[in-house]
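Visitor: got a structure for you, letters missing:
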């Protein structure tokens, strides 16, 4: 997910997306521990997506506080 796509989302959508992406990440980690994934690099991509979403959410919170 690109930063421009994340900026277009509402705050509620960002929070929802963080929760769903984190649950997907957890499931992928468990599945990878049991049997190797076809593309283990996908775990890193999802981690980066979560970080991008959290960064956008935090920047919005800081803008509201000003």
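Guide: Done, it's in. Predicted model only: the values in this text are computed from it and were never measured. Numbering: from 1, shown residues only.
Visitor: Tell me who's in contact with residue 11.
Guide: Neighbour list for residue 11: 57, 60 [criterion: CB atoms under 8 Å, 6 or more residues apart in numbering]. C-beta coordinates here come from the backbone N, C-alpha and C atoms, glycine included.
Visitor: got the contact list for the worst-scoring helix or strand of the chain on mean pLDDT?
Guide: When each helix and strand of the chain is scored by mean pLDDT, DSSP states H and E, helix 3-8 comes last, with a mean of 93. Residues from elsewhere that reach helix 3-8, judged by CB under 8 Å, 6+ apart: 14, 52, 53, 56.
Visitor: Repeat the analysis, applying 6 Å as the threshold.
Guide: Helix 3-8 has contacts (CB atoms under 6 Å, 6 or more residues apart in numbering) with 52, 56.
Visitor: And for stretch 12-28?
Guide: With contacts defined as CB under 6 Å, 6+ apart, stretch 12-28 is touched by 43, 46, 49, 50, 53, 56, 57.
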